[in-house]
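> Sequence first, predicted coordinates after that:
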Amino acid sequence: MADVQAPPVLDAVAALAELAPIGADPVRGGWSRHLLDDADRAMRAWFVRTAESLELTVETDANANQWATWAPHGATGPAVATGSHLDSVPGGGPLDGPLGVVSALVAVSRLMAEGHTPSRPIVVANFAEEEGARFGVPCLGSQLLAGDIDTDRVRALVDTAGVTYPEAMAAAGHDAAAIGHDAARLSSMALYLELHVEQGCQLAPLGHPVGLATSILAHGRWRVTLTGRGDHAGATELGSRHDPMLVAAAAVQSARARAVGSDPVTRSRATVGKLQVVPGGSNAIASEVRLWLDARAEHDADVRDLVARIVGDIEAAGRAEGCEVTVAEESFSTRVAFDGDLTDRIAAALEPRFGDAPRIPTGAGHDAGILSAHLPSAMLFVRNPDGVSHSPLEGAADEDVRAGVDALAAALRALT
Ligand code: GLV
Ligand code: MN
Ligand code: MN
């Protein structure tokens, strides 16, 4: 009789080390893996290879999300879905995204090895363009799947190199004509559980390696275009300038000042992290500056109020400098409260190994937040000793990475 090879039991630390060379960014530091670029495609190829080594059924949907299904004999009904994303911010850390996908595959390999017989399928997801780093809209894959975003709007998106979304999809073998609401896949899932590295530092002082999410701040992104008059840095008298960089400086200052000045209860924060200066010469007054305002707060209305105040300041600065100001909303995600019953069930599954796992809110957006409007969703966080994320300094101790897998495996065991 031929030897039947059992699927391997994977290790999360080893899997993350395998991914480390992919998309390592020599200019920014950290990792840059953006929707369907070479690095993202290498990450996706790793997903397929690893899932197939576990004999999972791998599919890519019309929205470029990847799915790996374990549905052994007897597993019926809507699946328990888990996973995260493999794309990154520009020059991001190693764990934001990959930790959740890696942990999901490792947890499945462990359940297989211990002979767990799930009563329903377990599906591992890799959601496309979670960070929105290429086309500006976060959680693009999950929003498309859920029918939460207009498909014509998505097809009109263009990246900073001038590549359109349909062109990027076509280059990777996808058809942008087919994107959009995937009711069948959505209803094939009973719930979604995403494991993520903690962003912020709440678990370390509490002495817990894993925690559970309660909520996500309301948040959004606004593109602000400041148009002035390009001119010579030496020859142009100060009084006759229309310099959009001055307006950009006012925008950056206002973002901080208005957030600090908000009622602390609103947990407001506002950031300008991306700026494009045209033409970008050191001896030229800029003709145009584009900047991106990221604003977040506890409730939707708090974000709207914060943005209105900042935009008012930018418009005043624009008037003073004789520059035109236009503002376009690129995304808005309403406040998320995760499913209390599901979170309680997961907490109970964690209790024997982890005791009373802390429940913490987050200021970061996630596909779990998008899906929470459509199916019961929950999140597990893995302790981040310094709390840093969206930075190469992001990290977690190896033992905490493995503890996260233990927690996810315990949850999946209990939920299936
Ligand atoms: C995603 O990580 C976000 O919160 O911007
Ligand atoms: Mn992120
Ligand atoms: Mn993430």
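Sure thing, it's come through. Residues are numbered from 1 along each chain as shown. Ligands and ions are numbered 1, 2, ... in the order given.
> which other helices and strands contact the helix or strand where Thr82 lies?
Using DSSP states H and E, the element containing Thr82 is strand 79-85. For strand 79-85, the elements it packs on are helix 98-113, strand 122-127, strand 189-197, helix 398-415, judged by 3 or more CB pairs under 8 Å, 6 or more residues apart in numbering; DSSP states H and E. C-betas here are computed from N, CA, C, even on glycine.
> Can you tell me which of these is most buried?
Neighbour counts (mean count of other CB atoms under 10 Å) averaged over each of the helices and strands packed on strand 79-85 peak at strand 122-127, with a mean of 29.
> Show me what that one is packed against.
Under the contact definition 3+ CB pairs under 8 Å, 6+ apart, strand 122-127 sits against helix 38-53, strand 66-70, strand 79-85, helix 98-113.
> switch the cut-off to 6 Å
Applying 3 or more CB pairs under 6 Å, 6 or more residues apart in numbering; DSSP states H and E, we find strand 122-127 packed against strand 66-70, strand 79-85, helix 98-113.
> gap between the longest one and the chain center?
In this case it means helix 98-113. Distance of helix 98-113 from its chain centroid, counting by CA atoms, centre = their mean, to the nearest Å, is 19 Å.
> do the same with stretch 142-153
Stretch 142-153 has its C-alpha centroid displaced from the chain centroid by 16 Å (CA atoms, centre = their mean).
> ok, now stretch 400-416?
Put simply, stretch 400-416 sits 21 Å off its chain's centre (CA atoms, centre = their mean).
> any residue of the host helix or strand of Leu291 up close to ligand 1?
Per DSSP H and E, Leu291 falls inside strand 288-297. No: residues of strand 288-297 are not located near ligand 1 by CB under 6 Å from any ligand atom, the shortest gap being 7.0 Å.
> Please enumerate residues in contact with that strand?
For strand 288-297, the external contacting residues (CB atoms under 6 Å, 6 or more residues apart in numbering) are 217-219, 221-227, 244-245, 248, 251, 266-272, 274-278, 303, 306-307, 363.
> that older thread, buried residues in the strand holding Thr82, which are they?
Residues of strand 79-85 classed as buried by neighbour count (16 or more other CB atoms under 10 Å): Ala79, Val80, Ala81, Thr82, Gly83, Ser84, His85.
> what's Val102 in contact with, if anything?
Ala12, Ala15, Leu16.
> looking at it, Glu198 is touching Phe381, isn't it?
Yes: Glu198 is in contact with Phe381 according to CB atoms under 6 Å; the separation is 4.2 Å.
> Ligand 1 contacts on the stretch 51-200 of the chain?
Counting by CB under 6 Å from any ligand atom, the stretch 51-200 of the chain comes close to ligand 1 at Glu131, Pro138.
> Stretch 194-210: end-to-end distance?
Distance across stretch 194-210, first residue to last, is 13 Å (CA to CA, to the nearest Å).
> check whether it contacts ligand 3.
No: applying CB under 5 Å from the ion, one finds stretch 194-210 separated from ligand 3 by no less than 5.7 Å.
> can you tell me which of the contacts of strand 288-297 are in helices?
Among those, the residues falling in helices (DSSP state H) are Pro244, Met245, Ala248, Ala251, Val303, Leu306, Val307.
> Near Val265, how many other residues are there?
10 (other CB atoms under 10 Å).
> Please report the distance of the closest residue in space to it that isn't next to it in sequence from ligand 3.
Spatially, and ignoring its direct neighbours in sequence, Val265 is nearest to Glu298 (7.0 Å; CB to CB, 6 or more residues apart in numbering). Noted for Glu298: a distance of 20 Å to ligand 3, by CB to the ion, to the nearest Å.
> hmm, who's touching the host helix or strand of Arg256?
Following DSSP H and E, one finds Arg256 within helix 244-260. Under the criterion CB under 6 Å, 6+ apart, residues 226, 228, 268-270, 272, 286, 289, 291, 306, 309-310, 313-314, 317-318, 321, 323 lie in contact with helix 244-260.
> Averaged pLDDT, it. What do you get?
Helix 244-260 shows a mean pLDDT of 98.
> cool, and stretch 391-400?
Averaging pLDDT along stretch 391-400 yields 98.
> Ok, stretch 140-150 next?
The average pLDDT within stretch 140-150 is 98.
> just stretch 353-370 next, same as before
The average pLDDT within stretch 353-370 is 98.
> In CSV, list the C-alpha atoms belonging to it.
The C-alpha trace of stretch 353-370 is given here as CSV (Å, rounded to 0.1, in the frame of the first residue of the first chain):
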residue,chain,number,x,y,z
ARG,A,353,-5.2,28.4,28.6
PHE,A,354,-5.4,32.2,28.8
GLY,A,355,-7.7,32.9,31.8
ASP,A,356,-9.8,36.1,31.4
ALA,A,357,-8.4,37.5,28.1
PRO,A,358,-8.7,41.3,28.1
ARG,A,359,-11.3,43.0,25.8
ILE,A,360,-9.9,46.0,24.2
PRO,A,361,-11.0,48.6,21.6
THR,A,362,-8.9,49.5,18.6
GLY,A,363,-8.3,52.5,16.4
ALA,A,364,-7.3,50.5,13.4
GLY,A,365,-9.6,49.4,10.6
HIS,A,366,-10.0,45.7,9.6
ASP,A,367,-11.8,43.5,7.2
ALA,A,368,-13.5,42.1,10.3
GLY,A,369,-15.0,45.5,10.7
ILE,A,370,-16.5,45.5,7.2
